[in-house]
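> could you look at this predicted model? Sequence included:
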Amino acid sequence: MGKVICVGLGPGDPELMSVKADRLIRSARHVAYFRKAGRAGQARQIVEGMIAGDVREYPMEYPVTTEIHFSDPEYNRLLAAFYEDWAQRLAVLAESEDVVVLCEGDPFFYGSFMHLHSRLQGRAEVEVVPGITGMSGCWTATGIPITWGDDVLTVLMATLPEEELATRARDTDALVIMKIGRNLPKLRRALATAGRLGAAWIVERGTMEGQRVQRLSEAEEVAPYFSIVVVHGQGAGHDRLDRRGGPCPGDERLVTEEVRAALAEATDIVGYIPYVARVAPRAGLTLHPSDNRVELDRANHALDMAAAGRRVVIVSSGDPGVFAMASALFEALEARPDPHAFDIRILPGITAMLAAASRLGAPLGHDFCAINLSDNLKPWDLVEHRLRLAARAGFAMAFYNPRSKSRPHQFARALDILREECGPDRLISFARAVTTPEERLSTVSLGSATPDMADMRTVVIVGNADTRHVGRFVYTPRSAR
């Protein structure tokens, strides 16, 4: 009496196969595997050289793959008959000897074997050997952890309707999307609608020969079947910048040539998860992503590696000297006994508020100030105090980090203070996801502004008493009354 043994082969690299799977395959006398008609079959290619010469092979050729849409009743009828036929044939073989069935990834994770498993119940003894999933191999290929803290990870099939893809992508932290192929254009649109396109990576042939990792926004319009799209989480529940990199300019053309050269020469990249995700992996480069509340740890890690002779780049959003990592780096440096021993360069960038102002017109054309509305590093009472003083002084004001999930009420309080000090007619502008495909601009009066107009991807700019509209633009005159 034998049994049907399905072995998970892992994501594609034979060296990532389990020891048990390797042993079962090498000792097998009967081996079955799925394949498309006329193809060798991916599972069979993975085990090339592992199967003994006298083994009997059973290619299970799908009667249909992409020739008919999966919603067509004929598609389901053909595949149901196919699985029923092979379940019966495998059950007969297993009456006398073991039969090893090959399955890419893990057999119980969107694998074709599941359809045989349900039909084999009561017909044959079945054993399933788990394997590393394809998605695990792909997110590891990006060099960035897929989840942090209490992130919610969602796995989607790109075959879902576009609206459902967008909704589910918007409502999760970390995201894996499979079955790409001809669904890629639809998937791009859905991720753009959800505001996740800028953070998405596509991994083609993960862990296999010809592996390719690139930003989805820069990828070609056609993707191989063995492709997976990954959007990394950041640690849900933290008071954090948005998963797509905060309000910084998102257009890669705004990165200076000086910064590009530094990235090209680096051996190590250190930074907050979504900023590190903007750097393409390459040979000789190690990525060190971390959560957003460990700035000093991040800075010290960079200094330690630099002291060991590494060429380290700390990446920030916007300009590193404006509410970013340059100050944390010098804070860490100040605590060291040898601050002069380090060769440090601060490379400027375009700040979020300047990118936002350029899109709106010229709302910062006269004296202005910038205030970070987060109370992570200062008490909220101090934030309120500075708000009132800036408003009373007649400054135009740019606000960073206006509203997050963990402190949704504070921006409402900030609006109340601004209305008290500036009146209801003062113009306030909201610039969200500036220079990305999800960019959204709006300008209203303080009396009409509501807290839900801002989130952590938004820079808020309040004009001074002279700020006004000219056509579709907002500007502040250079002279004061």
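Sure, I can see it.
> and for Cys103, the neighbour number?
Other residues lying near Cys103 total 26 when counted by other Cβ atoms under 10 Å. Backbone N, C-alpha and C define where each C-beta goes, glycine included.
> isn't it right up against Met114?
No - judged on Cβ atoms under 8 Å, Cys103 makes no contact with Met114 at a distance of 9.2 Å.
> where does the closest residue to Val64 other than its chain neighbours land in three-state SS?
Sequence neighbours aside, Leu78 is the residue nearest to Val64 in space, at 5.0 Å (criterion: Cβ to Cβ, 6 or more residues apart in numbering). Classification of Leu78 using DSSP: H, G, I helix; E, B strand; the rest coil returns helix.
> I figured Leu78 hits Pro63, correct?
Yes - taking contacts as Cβ under 8 Å, Leu78 lies within contact range of Pro63: 4.5 Å.
> tell me where the stretch 51-200 of the chain has helices.
Assignment of helices within the stretch 51-200 of the chain using DSSP state H, counting those that start in this stretch yields the ranges 73-93, 113-120, 134-141, 162-170, 184-194.
> so which elements touch the helix or strand following the last one?
Right, the one you point to is helix 184-194. Later in the chain than helix 184-194, the nearest helix or strand by DSSP states H and E is strand 200-204. Under the contact definition 3 or more Cβ pairs under 8 Å, 6 or more residues apart in numbering; DSSP states H and E, strand 200-204 sits against helix 134-141, strand 212-215, strand 227-231.
> most packed of those?
Most buried of the helices and strands packed on strand 200-204 by mean neighbour count (mean count of other Cβ atoms under 10 Å) is strand 227-231; its value is a mean of 26.
> between it and helix 184-194, how many degrees?
If you take axes from the mean of the first three to the mean of the last three Cα atoms, to 10 degrees, strand 227-231 sits at 10 degrees to helix 184-194.
> need the contact partners of the helix or strand following strand 227-231.
Downstream of strand 227-231, the next assigned helix or strand under DSSP H and E is helix 257-265. The contact list for helix 257-265, computed with Cβ atoms under 8 Å, 6 or more residues apart in numbering, reads Ile269, Val279, Arg311, Val313, Arg345, Leu347, Gly349.
> again, only this time at 10 Å
Contacts with helix 257-265, where a contact means Cβ atoms under 10 Å, 6 or more residues apart in numbering, come from 252, 255-256, 269, 278-280, 282, 285, 311-313, 315, 320, 345, 347-349.
> list the buried ones in that helix?
The neighbour-count check on helix 257-265 (16 or more other Cβ atoms under 10 Å) flags Val259, Ala262, Leu263 as buried.
> average pLDDT for that helix?
Averaged over helix 257-265, pLDDT sits at 90.
> would you mind writing the CA trace of it as PDB?
The C-alpha coordinates for helix 257-265 follow below in PDB (Å, rounded to 0.1, in the frame of the first residue of the first chain):
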ATOM      1  CA  GLU A 257      22.800  64.100  -9.600                       C
ATOM      2  CA  GLU A 258      25.000  64.500  -6.500                       C
ATOM      3  CA  VAL A 259      22.700  62.200  -4.600                       C
ATOM      4  CA  ARG A 260      22.500  59.700  -7.500                       C
ATOM      5  CA  ALA A 261      26.300  59.500  -7.600                       C
ATOM      6  CA  ALA A 262      26.500  58.900  -3.800                       C
ATOM      7  CA  LEU A 263      23.900  56.100  -4.100                       C
ATOM      8  CA  ALA A 264      25.900  54.500  -7.000                       C
ATOM      9  CA  GLU A 265      29.100  54.500  -4.900                       C
END
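> could you point out which element follows it?
Scanning forward in sequence from helix 257-265 by DSSP H and E, the next helix or strand is strand 268-272.
> run me through the strand neighbours of that next one, direction for each.
strand 286-290 (parallel), strand 312-315 (parallel) (DSSP bridges).
> state the mean pLDDT of that strand.
Across strand 268-272, the average pLDDT comes to 91.
> so who does the most centrally placed residue in the chain touch?
Taking Cα atoms, centre = their mean as the criterion, Val231 is the residue nearest the geometric centre of the chain, at 2.3 Å. Contacts for Val231 (Cβ under 10 Å, 6+ apart) come out as 139, 146, 153-154, 169, 172-177, 191, 194, 196-201, 216, 243-244, 274, 277.
> narrow these to those that are buried.
When those are checked for burial by 16+ other Cβ under 10 Å, the buried set is 139, 146, 153-154, 169, 172-177, 191, 194, 196-201, 216, 243-244, 274, 277.
> just give me the closest of the buried residues of helix 257-265 to Arg388.
Nearest to Arg388, judged by Cβ to Cβ, of the buried residues of helix 257-265 is Val259 at 37.3 Å.
> how much space between that closest one and Gly143?
19 Å (Cβ to Cβ, to the nearest Å).
> do the same with Ala277
Distance, Ala277 to Gly143, using Cβ to Cβ: 9 Å.
> hey, what's in contact with both of the two?
The contact sets of Ala277 and Gly143 overlap at Trp201, Leu287, Pro289 (Cβ under 10 Å, 6+ apart).
> output those as JSON lines; include the columns distance to Val222.
Converted to JSON lines, those look like this (distance: Cβ to Cβ, whole Å):
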{"residue": "Trp201", "distance to Val222": "17"}
{"residue": "Leu287", "distance to Val222": "27"}
{"residue": "Pro289", "distance to Val222": "29"}
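> turn those into TSV, including pLDDT and distance to Pro185.
TSV is the format used below for the shared contacts of Ala277 and Gly143 (pLDDT from 0 to 100; distance: Cβ to Cβ, whole Å):
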residue	pLDDT	distance to Pro185
Trp201	91	17
Leu287	88	29
Pro289	85	29
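> and of these, the nearest to Thr207?
Using Cβ to Cβ, Trp201 comes nearest to Thr207 of the shared contacts of Ala277 and Gly143, at 14.8 Å.
> thought that closest one was touching Pro274?
No - Trp201 lies out of contact with Pro274 (Cβ atoms under 10 Å); the separation is 11.5 Å.
> overlap of the contact sets of these two?
Listed as contacting both Trp201 and Pro274 by Cβ under 10 Å, 6+ apart are Ile144, Val231, His232.
> what sits against Pro320?
Contact partners of Pro320, counting by Cβ under 10 Å, 6+ apart, are Val259, Gly271, Ile314, Ala326, Ser327, Ala328, Leu329, Ile346, Leu347, Pro348, Gly349, Thr351.
> report pLDDT for it.
Model confidence at Pro320, given as pLDDT, is 90.
> tell me how far it lies from Leu287.
Distance, Pro320 to Leu287, by Cβ to Cβ: 18 Å.
> just the helices of the stretch 51-200 of the chain: most buried one?
Each of the helices of the stretch 51-200 of the chain was scored by mean neighbour count; the highest is helix 134-141, a mean of 23, by mean count of other Cβ under 10 Å.
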